[in-house]
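S.K.: quick one: sequence plus predicted model below, questions after.
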2 protein chains.
Amino acid sequence: MAWISATYLLTSRSEEVQKRAAALALEQSVEMPFEAVRDEKIRESIVARVTAIEPLDPQRHRVTLQLATATTGEDVTQLTNMLFGNCSLQDDVYLEDVAFPPELLQRFGGPRHGIAGLRALTHAPQRPLTCTALKPQGSSCETLAELCETFGCAGIDVIKDDHGIADQTYAPFALRVRACQAAAERAASVTGKPVIYAPSLVGSPRRIFEQAELARECGVRAVLLAPMLIGLGTFAEFAAAFPELVILAHPAFGGASRISPVWLFGKFFRLLGADATIYPNYGGRFAYTQDVCRALAHAARAPWGSIRPAMPVPAGGMPVERVSEMIAFYGKDVMLLIGGSLLLAGERLPERSRTFVEAVVQEV
Amino acid sequence: MAWISATYLLTSRSEEVQKRAAALALEQSVEMPFEAVRDEKIRESIVARVTAIEPLDPQRHRVTLQLATATTGEDVTQLTNMLFGNCSLQDDVYLEDVAFPPELLQRFGGPRHGIAGLRALTHAPQRPLTCTALKPQGSSCETLAELCETFGCAGIDVIKDDHGIADQTYAPFALRVRACQAAAERAASVTGKPVIYAPSLVGSPRRIFEQAELARECGVRAVLLAPMLIGLGTFAEFAAAFPELVILAHPAFGGASRISPVWLFGKFFRLLGADATIYPNYGGRFAYTQDVCRALAHAARAPWGSIRPAMPVPAGGMPVERVSEMIAFYGKDVMLLIGGSLLLAGERLPERSRTFVEAVVQEV
């Protein structure tokens, strides 16, 4: 019998925490009073168990539950349900971390490409990678393609759609992707190095799968997906269906105030197949701390059984001036994503983009 | 040009709120500095606008944004992205409510059956409906089917799988659904009234669609889905693909601490096709207040353009003793869901289930 070990932070006082932890264990397994579970086998092998309670302060405890692997039905969505389904509705519960038994880990693919695959694709075996975003939405296909070519000619490795770019009338998916991919290829022929265009796939499962087929036909090698928006199960199914595509995961709708972003974006997205994981860097438009960012990057890159490392991609209002500091902080296995800060340059966009690329190269 | 009106609560002081609201408008549309948006048309028709700022207290403001309908690409996932994609990562933002322009409202189906359809299906034109759950997971198909028959013979209208029941080895989906549907039909032939069995569909999109096909072949008329777990786009796609199935929405993974549960479970699930919406009732295992529950039920049932009303289903640790109070609180257009409290009766389960059914009938 295999068990998943899930760690939660509970806002609960010392005198109540044992009872609260036991209630959480029931909530996340049989969802009924223990007395009403009459089958001895279910009591032993299905009901979740409290295995540790560690006081953090008088109001907060770290509680570890063992959840029966059998309850997940070897399905990502159901796994998520068992980890944080009902208790997501109880605001004294925070999901901190999860340890999976080896056999469950092997059921998930993890990154198909990961850091090594991204480096091979971009012909950059050592240095930090560079990434930017095509924006704003509302722009025509021609404008976005032109922007893509400018960025590519400046030597930026990965050019992704802004995550707000979908299949909108002002730049329909099929036309946009064809135009931007062609622009990336033109840029590559100028610079002599690969330029990877990663379109954003957004929509219902049917729509995303159709978009991926279409992108693949255009020669696209990488895509942007937001796992929490499209559903974690859809994300995992996508990764399995398109193993040749490099997947950049976007944190949108991650609303991680009650799930640890370290676990969600660093580990869980990686486990489900993200080759690179984008997240808000410290000191930007979002309130993540240095500690969270360090831990998140570590979670994405650290050895983890047979699961390949995923590339951390700090982002969210980063200026070119911070390149040096970010590389000092993250090391070389990182992809720096700078978007709006480049576009602020207006007419001087090509120079500004090259400055970004050169700043990264100089650091190595 | 049509606009969606979204209301957020911002934790922000009076002297900062204008700047903060403007930043939110950029985050949820073009995701770049306004100065860097050089196209006048995009500034006018794509960049979100702050239309109202209302102080609630010195630390909190209600901010209304207009988001361009064009940015949603008429897609549920992208709509969600525009409403709460990036700002879900900023913990000073709470999504309170959304008003859609009529043309967008018509793009969504809303409930295919709704309250009227549920009443027709259960032959209960007036009174509150009764609902219970098959549990615990870990039980065999035979045990669950037996339970289903007992509940059905007691006269309970809708018998759903516990939301933790998926496609697990101890009760594989295909066998379980066949057995439980047959049990419901046997019970119906005894009582002479319909007994609706609603299996839980959990998994990646492919799996859910396969499960629905299979359930439909067995004669199943209603299903349980958790929109936040499977993805809101998957949920909407499902509702469109299986218009003959009555859909009960489950709040699992709704983690609604930063999205109003009134809006999410009451309005948005309804808009996307939930015929009934399950939510934690006040005074149970979850911390929802009476005010939240009243507003949620109202949101599910209130007139809303062409969108049919959805049935509110308060749940979460409700005992039979509260039937009278709950009907007084919610009125007749409600489905009462009582699970664990029935199962606590052990050997006296049939009597306890009948007590539940009779308690509801007596109130009318």
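M.R.: Received, thanks. Residues are numbered from 1 along each chain as shown, chains lettered A, B, ... in the order given.
S.K.: quick one, what contacts the closest residue in space to residue A:254 that isn't next to it in sequence?
M.R.: Excluding the flanking residues, the one nearest residue A:254 by CB to CB, 6 or more residues apart in numbering or on different chains is residue A:228, at 4.8 Å. Bear in mind the C-beta positions are built from the backbone N, C-alpha and C, glycine included. By CB atoms under 8 Å, 6 or more residues apart in numbering or on different chains, residue A:228 lies in contact with A:251-255, A:264.
S.K.: residue A:39 now?
M.R.: By CB under 8 Å, 6+ apart, the neighbours of residue A:39 are B:136, B:138-139, B:143.
S.K.: one more time with 10 Å
M.R.: A:30, A:45-46, B:136, B:138-140, B:143 (CB atoms under 10 Å, 6 or more residues apart in numbering or on different chains).
S.K.: how about residue A:278: what's its closest non-neighbour residue?
M.R.: residue A:313 (4.3 Å).
S.K.: please enumerate the strands of the stretch 51-200 of chain A.
M.R.: A:60-68, A:93-99, A:129-134, A:158-161, A:196-198 (DSSP state E, counting those that start in this stretch).
S.K.: after the shortest one, next one along is what?
M.R.: Tracing the chain past strand A:196-198, the next element assigned as helix or strand by DSSP states H and E is helix A:205-217.
S.K.: does the residue lying closest to residue A:127 once chain neighbours are set aside belong to a helix, a strand or coil?
M.R.: Nearest residue to residue A:127, sequence neighbours excluded (CB to CB, 6+ apart): residue A:364, at 4.4 Å. With DSSP: H, G, I helix; E, B strand; the rest coil as the basis, residue A:364 sits in coil.
S.K.: test my guess that residue A:25 contacts residue A:49.
M.R.: Yes: with contact defined as CB atoms under 10 Å, residue A:25 reaches residue A:49; the gap is 6.2 Å.
S.K.: circling back: element containing the residue nearest to residue A:254, please.
M.R.: Residue A:228 belongs to helix A:227-230, assigned by DSSP H and E.
S.K.: do the same with residue A:248
M.R.: Judged by DSSP H and E, residue A:248 forms part of strand A:246-249.
S.K.: downstream of that strand, the next helix or strand is which one?
M.R.: Next helix or strand after strand A:246-249 toward the C-terminus (DSSP H and E): helix A:261.
S.K.: same for that next one, what does it pack against?
M.R.: If contacts are counted by 3 or more CB pairs under 10 Å, 6 or more residues apart in numbering or on different chains; DSSP states H and E, helix A:261 sits against helix A:290-301.
S.K.: what helices and strands are in contact with the next helix or strand after the helix it packs on?
M.R.: Using DSSP H and E, the helix or strand that follows helix A:290-301 in sequence is strand A:311-315. Strand A:311-315 sits against helix A:114-122, strand A:129-134, strand A:158-161, strand A:246-249, strand A:276-280, helix A:290-301, helix A:323-330, strand A:335-337, with contacts defined as 3+ CB pairs under 10 Å, 6+ apart.
S.K.: with just CA atoms, put strand A:311-315 into PDB.
M.R.: Provided in PDB are the C-alpha atoms of strand A:311-315 (Å, rounded to 0.1, in the frame of the first residue of the first chain):
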ATOM      1  CA  MET A 311      13.900  25.800 -16.400                       C
ATOM      2  CA  PRO A 312      13.000  28.500 -14.000                       C
ATOM      3  CA  VAL A 313      11.800  31.700 -15.700                       C
ATOM      4  CA  PRO A 314      11.500  34.700 -13.300                       C
ATOM      5  CA  ALA A 315       9.400  37.500 -14.800                       C
END
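S.K.: partner strands of that strand and their direction?
M.R.: strand A:276-280 (parallel) (DSSP bridges).
S.K.: average pLDDT for the partner strand?
M.R.: Mean pLDDT, strand A:276-280: 92.
S.K.: dump the residue contacts of the spatially closest residue to residue A:297 that is not a sequence neighbour.
M.R.: Closest residue in space to residue A:297, ignoring its immediate chain neighbours: residue A:312 at 3.9 Å, by CB to CB, 6+ apart. Each residue near residue A:312 by CB under 10 Å, 6+ apart is listed here: A:115, A:265-266, A:270, A:276-279, A:281, A:293-294, A:296-301, A:330-331, A:333-336.
S.K.: what do you get for residue A:74?
M.R.: A:103-104, A:107-108, B:166-169, B:203.
S.K.: among those residues, who's most crowded?
M.R.: residue B:166 (28 neighbours; other CB atoms under 10 Å in any protein chain shown).
S.K.: measure that one to residue B:92 for me?
M.R.: 36 Å (CB to CB, to the nearest Å).
S.K.: now the single longest helix found in chain A: buried residues?
M.R.: Criterion DSSP state H: the longest helix present in chain A is helix A:173-191. If you call a residue buried by 16 or more other CB atoms under 10 Å in any protein chain shown, then helix A:173-191 has these buried ones: A:173, A:176-188.
S.K.: residue A:358: which of those is nearest?
M.R.: Nearest to residue A:358 among those is residue A:187, at 16.5 Å by CB to CB.
S.K.: on that earlier part again, what's the neighbour count on the residue nearest to residue A:278?
M.R.: Residue A:313, neighbours per other CB under 10 Å, totals 28.
S.K.: ok, it - contacts?
M.R.: Residue A:313 sits next to A:118, A:129, A:131, A:158, A:160, A:248-251, A:265, A:274, A:276-279, A:281, A:297, A:300, A:330, A:334-337 when contact means CB under 10 Å, 6+ apart.
S.K.: pLDDT score for it?
M.R.: 93.
S.K.: ok, now the one 10 residues further on?
M.R.: Taken from the predicted model, the pLDDT recorded for residue A:323 is 94.
S.K.: which residue comes closest to the residue in the stretch 151-300 of chain A positioned nearest to chain B once chain neighbours are left out?
M.R.: Per CB to the nearest CB, the residue of the stretch 151-300 of chain A with the smallest distance to chain B is residue A:231, at 2.3 Å. Nearest in space to residue A:231, with sequence neighbours left out and distances taken as CB to CB, 6+ apart, is residue B:231 at 2.3 Å.
S.K.: the one you found contacts residue A:238, correct?
M.R.: No: with contact defined as CB under 10 Å, residue B:231 does not count as touching residue A:238 (11.2 Å).
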